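S.K.: how would this look folded up:
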Amino acid sequence: MKPPRKKPKSKKPVKHKGRMPSIHAGELVRRSFNEAGTPAPHIKPPAGRKPAAQKTASKDPASKIVDVDSLAKIIANLKSAGKKVSHCHGCFDLMHPGHILHFQAARAMADALVVTLTPDRYVDKGPHRPVYNQDLRARTIASLECVDYVAINKWPTAEDTLRLLKPSFYVKGQEFQHLKDKTGKIQREAQIVKEIGARLKFTQEIVFSSTKLINEHLRPPDAPPQPGQVPQRFVEVYPESTRQFLARFAKKYSFNRISEKINEISRLKVLLVGDGIIDEYHYCRSMGRSTKSPIIAYRYDNREVFAGGAFAIANHMSGVCSKVELVTLLGRQDSREDFIRGNLRGNIKQTFFYRDDGPTVIKRRYIEQYLNQKIFEVNYLNNTYINEKLEEEIIKYIFGIVADYDMVLVSDFGHGLITNRMIRVAEKRAGTFKMCVNSQTNGANAGFNLITKYRKPSFVCLDEPEARLATQDRFGPPDQLARNLAQTIQAGRLIITLGKSGSIGMDEAGRIETCPVFSTKVVDTVGAGDAFFSFSALCYAASMPLDLMSFIGNVVGALKVQTVCNKKPVEKHELLELIHDLLT
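M.R.: Predicted structure coming up:
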């Protein structure tokens, strides 16, 4: 006889002392989906469409990842076969239940779902974002069964992507249903969806924010936020003094108020006069010491060419202004005119004058690619002033149109365009127009292009070494430096950038304002001062107070240093998104 079977002992419920353990994000996803990856019974697909049939074998996630051009062909073939294609686009930095539910709902609307990702270089959520690189984000999304194809975008936004892919449906979350967002991107996307004959659809799933989750829940466990402080970010931790500044600033200026002020800039008409520069980056790799000479030998790899100087400033401003005219100087010996015209935005009026005795200014920098370090620089330019005949033509043109503009912005690199006579003519008309000036010291003009050659400018923006050279004050405190310089040149308003220390400024009443730096990830500082000057000058022309000018300038600087040289201008939507993340 077999012994009777013993009844299994019932497990006693485990009692937890103190607080209950938190539910991991993966557990929350598991509770919403069954083992087959389909929505749990309480999650129903949108009415009018059956859930996609379950596949017997999962597709290899790696095979789902394609480039956007290949994805366009795939979508075209699917549509030719009578299939409907849904398209989702975003950063998707931290995968959470809201994303998965959104993808599931978008897939249920069509026969296929494609997802495009913002590439790392265009993620504008703040310093040290994205947390996960583009390849890891793509692999994560491709591992979801509801997603058929994934591509990493090659543009900053979905606008050009939509024109290329032409999906059946462009699917966004319910938070965009009223076609409102702080950057205006959804409005532009909606217009393009209409142009390509697609339909804009919205899912109604639960909404989470990756940025908010990162800011509030992924901070180090030993660093909880204190009352009144901005929460520490996941990988970018500002100093205590910066967090306190942001807390105070957020109480004084709401995001909506700042956004309204920035939107006011769009009505400005700006005349930009300055030295255009072609920036070349030639990437090399060290091969070691030469056997015959005491020098290091390098192997040439590749190059990148950028529109810098006044060209870059014009591109920055044209993204936020209704009208920008650029007056600059090209050389007939090597004008690079086709490149320049091709790299200036379409809404910039281009007025070029030409010198016969030199090339367009070209600054060629050689970069050690492994460490991304600049080795040396070669300049191609004629640094002497233009001749009197050309000078007269330019003066006559500028002062014949100046009344049509709200502001004249002078970007003086000391490369021969801005002469002493031009400056004297401007002085005689001081008070009849707003003139914002940046007079730069560089390797080609060190000690000979000081801001002290200007008198009574409305607004001046310099870096600290330029201000110290101009005042011959090597060690004085920054506030004294600002006061002495403003008094010397009789400037209405002044900002001095201080590198890692942010900026210091003085207004017309002599009030001093300081602002910390917001950059924690620095790829390249070339062009950062030009970007700061561009936006702070626009803020001045829009009658913003000094503290707000300085804040916006430093936010722009934090965005700009994440980009190699002048590869792309700082966009308005990037600026608004970073301000939003800093203050909320």
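
S.K.: what does the domain assignment say about this structure?
M.R.: 37-210, 259-278+310-352+384-583 (automatic domain parsing).

S.K.: Could you identify which of those is most buried?
M.R.: domain 259-278+310-352+384-583 (a mean of 19; mean count of other CB atoms under 10 Å). Heads up, the C-betas are built off the backbone N, CA and C, glycines and all.

S.K.: Any idea how far apart the tips of it sit?
M.R.: For domain 259-278+310-352+384-583, the first and last residues are 12 Å from each other (CA to CA, to the nearest Å).

S.K.: nearest to residue 364, of the domains of the chain?
M.R.: Judged by CB to CB, the one of those that comes nearest to residue 364 is domain 259-278+310-352+384-583, at 8.7 Å.

S.K.: Can you give the distance from the closest one to the centre of its chain?
M.R.: Distance, stretch centre to chain centre, for domain 259-278+310-352+384-583: 18 Å (CA atoms, centre = their mean, to the nearest Å).

S.K.: all strands of the stretch 351-500 of the chain, in order?
M.R.: Taking DSSP state E, counting those that start in this stretch, the strands of the stretch 351-500 of the chain run over residues 362-368, 373-380, 407-412, 434-439, 459-463, 493-497.

S.K.: Reformat those strands as a markdown table; add mean pLDDT.
M.R.: What follows is the strands of the stretch 351-500 of the chain, written out as a markdown table (pLDDT from 0 to 100):
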| stretch | mean pLDDT |
| --- | --- |
| strand 362-368 | 96 |
| strand 373-380 | 94 |
| strand 407-412 | 96 |
| strand 434-439 | 96 |
| strand 459-463 | 97 |
| strand 493-497 | 97 |
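
S.K.: Take those strands and lay them out in TSV including distance to residue 577.
M.R.: Rendered in TSV, the data for these read as follows (distance: least, CB to CB, whole Å):
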stretch	distance to residue 577
strand 362-368	29
strand 373-380	30
strand 407-412	25
strand 434-439	26
strand 459-463	24
strand 493-497	23
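
S.K.: quick one on the thing from earlier: export the domains of the chain as TSV, with columns for distance to residue 298.
M.R.: As requested, the domains of the chain are exported to TSV (distance: least, CB to CB, whole Å):
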stretch	distance to residue 298
domain 37-210	26
domain 259-278+310-352+384-583	19
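
S.K.: ranking these by mean pLDDT, which is last?
M.R.: Here the lowest mean pLDDT among the domains of the chain goes to domain 37-210, at a mean of 81.

S.K.: roughly how far out does that domain sit from the chain middle?
M.R.: 23 Å.

S.K.: what's the closest of the domains of the chain to residue 304?
M.R.: domain 259-278+310-352+384-583 (7.1 Å).

S.K.: rewinding a little: wait, which of the strands of the stretch 351-500 of the chain is closest to residue 123?
M.R.: strand 362-368 (23.3 Å).

S.K.: Can you name every helix or strand that the closest one contacts?
M.R.: Packing partners of strand 362-368 (3 or more CB pairs under 8 Å, 6 or more residues apart in numbering; DSSP states H and E): strand 276-289, strand 296-309, strand 373-380.

S.K.: what about those, which gets the closest to residue 318?
M.R.: Counting by CB to CB, residue 318 lies closest to strand 296-309 out of the helices and strands packed on strand 362-368; the figure is 12.0 Å.

S.K.: Check which element follows the closest one along the chain.
M.R.: helix 310-318 (DSSP states H and E).

S.K.: and the angle for that next one with strand 407-412?
M.R.: 150 degrees (axes from the mean of the first three to the mean of the last three CA atoms, to 10 degrees).

S.K.: Helix 310-318 - contacts with which helices or strands?
M.R.: By 3+ CB pairs under 8 Å, 6+ apart, helix 310-318 packs against strand 269-274, strand 276-289, strand 323-331, strand 348-355, strand 407-412, helix 528-541.

S.K.: Taking helix 310-318 as reference, get the angle to the fourth one.
M.R.: If I follow you right, that is strand 348-355. Using the same axes, to 10 degrees: strand 348-355 against helix 310-318 is 160 degrees.

S.K.: Each with direction, which strands does strand 348-355 pair with?
M.R.: strand 323-331 (parallel) (DSSP bridges).

S.K.: And for the fifth one?
M.R.: Paired strands of strand 407-412, with direction, are strand 269-274 (parallel), strand 434-439 (parallel) (DSSP bridges).

S.K.: want to throw these into JSON lines with distance to residue 238?
M.R.: Below are the strands paired with strand 407-412 laid out as JSON lines (distance: least, CB to CB, whole Å):
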{"stretch": "strand 269-274", "distance to residue 238": "32"}
{"stretch": "strand 434-439", "distance to residue 238": "27"}
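
S.K.: Looks like residue 185 contacts residue 573 (just checking).
M.R.: Yes: because the distance of 5.7 Å satisfies CB atoms under 8 Å, residue 185 is recorded as touching residue 573.

S.K.: Overlap in contacts, these two.
M.R.: residue 157 (CB atoms under 8 Å, 6 or more residues apart in numbering).

S.K.: picking that back up, out of the strands of the stretch 351-500 of the chain, the one nearest residue 85 is which?
M.R.: strand 362-368 (41.9 Å).

S.K.: how many degrees apart are the closest one and strand 323-331 in direction?
M.R.: Strand 362-368 and strand 323-331 are oriented at 90 degrees to each other (the same axes, to 10 degrees).

S.K.: Which neighbours in the sheet does strand 362-368 have, and how are they oriented?
M.R.: strand 276-289 (parallel), strand 373-380 (antiparallel).
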